[in-house]
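Student: Sequence plus the predicted model coming up.
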Amino acid sequence: GAVVSQHPSWVICKSGTSVKIECRSLDFQATTMFWYRQFPKQSLMLMATSNEGSKATYEQGVEKDKFLINHASLTLSTLTVTSAHPEDSSFYICSAKGQGDYQPQHFGDGTRLSIL
Amino acid sequence: LAKTTQPISMDSYEGQEVNITCSHNNIATNDYITWYQQFPSQGPRFIIQGYKTKVTNEVASLFIPADRKSSTLSLPRVSLSDTAVYYCLVVPSGSARQLTFGSGTQLTVLP
């Protein structure tokens, strides 16, 4: 149980392209989903928290107009990297938390984004 | 948010028991302790979670002393496939439960 699916797993695109990443909780309803970014040899850094049906909360230093988050249902959140540039190349990981205060977060397998 | 400190790296041999200790001196009353495992180019995988004393599941045990200022993840009889980064996190209770990842411990299991 508690499976989180993230798609695509790998994207290579040209600078200026917008890229959408999907995160789905397959067997549970996720009231809250999180988006992280991880650079090589570094730890995960939280980018934003999204709650179903409401606007995402972004961490300090994360541009909300650059990283658009939509959490339209209890099983799907999307992250769109708009007008991506090489410095946006990174490993993006989503997680989903089930209902209940003490439910752990379960992570997707990440999306490797490479901007040429 | 409580800060965690854990060793940067550890080496072990196949078949040994591995104990990774994490300190979290300013843990709050309602905080939980959670451990994740991460392989390269994959998302973290939940291992175990606890509040106090001892918690055991099919893959690991978690020991938390009475003062809760530290915790120890115990992996019995490790294999090469247990080579990964292990993260100790102190997680506040509540619906949001944001996670703050530290540097983690790179465990290398040698043959």
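Tutor: Received, thanks. Numbering: from 1, shown residues only, chains lettered A, B, ... in the order given.
Student: Point me to the residue of chain A nearest chain B.
Tutor: Closest residue of chain A to chain B, Cβ to the nearest Cβ: A:Phe107 (3.4 Å). All C-beta atoms are positioned from the backbone trio N, CA, C, and that covers glycine.
Student: For B:Ile20, the count of nearby residues, please.
Tutor: Per other Cβ atoms under 10 Å in any protein chain shown, the neighbour tally for B:Ile20 reads 21.
Student: what helix or strand is it on?
Tutor: Per DSSP states H and E: B:Ile20 is located in strand B:18-23.
Student: residues in contact with that strand?
Tutor: Defining contact as Cβ atoms under 8 Å, 6 or more residues apart in numbering or on different chains, one finds that strand B:18-23 is touched by B:4-7, B:10, B:12, B:33, B:69-75, B:78, B:82, B:86, B:88, B:105, B:107, B:109.
Student: which among those end up buried?
Tutor: Listed as buried from the contacts of strand B:18-23 are B:4, B:6, B:10, B:12, B:33, B:70-75, B:78, B:82, B:86, B:88, B:105, B:107, B:109; burial here means 16 or more other Cβ atoms under 10 Å in any protein chain shown.
Student: and the residue in chain B that chain A sits nearest to, what does it touch?
Tutor: Closest approach between chain B and chain A, counting by Cβ to the nearest Cβ: B:Gly43, at 3.4 Å. By Cβ under 8 Å, 6+ apart, the contact set of B:Gly43 is A:Val4, A:Gln6, A:Ile93, A:Cys94, A:Ser95, A:Phe107, A:Gly108, A:Asp109, A:Gly110.
Student: Is it part of a helix or strand, or is it coil?
Tutor: Put simply, B:Gly43 is coil when judged by DSSP: H, G, I helix; E, B strand; the rest coil.
Student: any idea how far A:Cys94 is from it?
Tutor: Separation of B:Gly43 from A:Cys94 (Cβ to Cβ, to the nearest Å): 8 Å.
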